[in-house]
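take this sequence and fold it.
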Amino acid sequence: MSDPRLTDAELDQLAQLLASTGEEAMDLAMLDGFLTGLAVGPEFIDPEEWLALLWDEEGPAFASEAEAEQCIALCLRQYDAIVDALDAPGETLTPIFYESETEGEPSPMASEWCAGFMTALEFWKTQLKVMEKAGKGELLAPMRLFGTEKGLRKLEGAEDQHQRHQESVAKIAPNAQAIFDFWQSR
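Model (predicted):
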């Protein structure tokens, strides 16, 4: 099987295709978080069930059928690459975050990615109780911090906002891996 990872050029193409589908469509970072949220869940969710969530309510506005097929193929390859990274020993999940500058240093902006991740949880929200009963509910803390309005308000009100931001961002990939591992062990 060929390597599903998208090249930088393909990621750029996917970002452009997503942007062309409507103002409410997911952007690349949100898509990556969404696909990761699907991938770490307790069961496989058929793409036919989630593809419509990528676009705005009116559906995608692709210029052609070929463009639509290309976008969907790239989305599915990105999903496969995420699953491979989670499932392969020695591989590391690398979330797609936008960057800004904080205190003169590049700082990852995790809110789009985490919002996508939290959207995917809707597919397995009934199973969250299983995670919580097993003492694994806290693995979702960084995703909730950046991916919900309540979490963002909490972060904005923190005295040590920059430090908390950095520490929480650093937990996202390992926590996503731990969630995946939790469900795989069941």
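
alpha carbons only for contacts and neighbour counts from here, please
Noted.

which of the three states applies to the residue most central in space within the chain?
Geometric centre of the chain, nearest residue: residue 33, 0.5 Å, by CA atoms, centre = their mean. Following DSSP: H, G, I helix; E, B strand; the rest coil, the label given to residue 33 is helix.

what about the helices in the protein?
8-19, 28-39, 47-50, 65-87, 111-120, 128-133, 141-147, 149-156, 161-184 (DSSP state H).

circling back: what residues are up against the residue nearest to the centre of the chain?
Contact partners of residue 33, counting by CA atoms under 8 Å, 6 or more residues apart in numbering, are 95, 96, 112, 113, 114, 115, 116, 117.

please name the residues that touch the closest residue to the third one other than its chain neighbours.
The one in question is residue 112. Spatial nearest neighbour of residue 112, excluding adjacent residues (CA to CA, 6 or more residues apart in numbering): residue 30 at 4.8 Å. Each residue near residue 30 by CA under 8 Å, 6+ apart is listed here: 112, 113, 114, 115, 116, 117.

how does it look with 7 Å?
112, 113, 115, 116 (CA atoms under 7 Å, 6 or more residues apart in numbering).

now flag whichever of those is closest to residue 55.
Using CA to CA, residue 116 comes nearest to residue 55 of the contacts of residue 30, at 12.3 Å.

kindly export stretch 50-65 (C-alpha atoms) in PDB.
Provided in PDB are the C-alpha atoms of stretch 50-65 (Å, rounded to 0.1, in the frame of the first residue of the first chain):
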ATOM      1  CA  TRP A  50     -19.300  12.600   8.200                       C
ATOM      2  CA  LEU A  51     -18.300  14.100   4.800                       C
ATOM      3  CA  ALA A  52     -21.300  16.400   4.800                       C
ATOM      4  CA  LEU A  53     -20.100  18.000   8.000                       C
ATOM      5  CA  LEU A  54     -17.000  19.400   6.200                       C
ATOM      6  CA  TRP A  55     -19.000  21.900   4.200                       C
ATOM      7  CA  ASP A  56     -21.500  24.600   5.100                       C
ATOM      8  CA  GLU A  57     -25.300  23.800   5.300                       C
ATOM      9  CA  GLU A  58     -25.800  24.400   1.600                       C
ATOM     10  CA  GLY A  59     -23.200  21.800   0.700                       C
ATOM     11  CA  PRO A  60     -19.900  22.200  -1.200                       C
ATOM     12  CA  ALA A  61     -19.700  24.500  -4.100                       C
ATOM     13  CA  PHE A  62     -17.100  22.900  -6.200                       C
ATOM     14  CA  ALA A  63     -16.300  24.100  -9.700                       C
ATOM     15  CA  SER A  64     -16.500  20.600 -11.100                       C
ATOM     16  CA  GLU A  65     -17.100  17.000 -10.300                       C
END
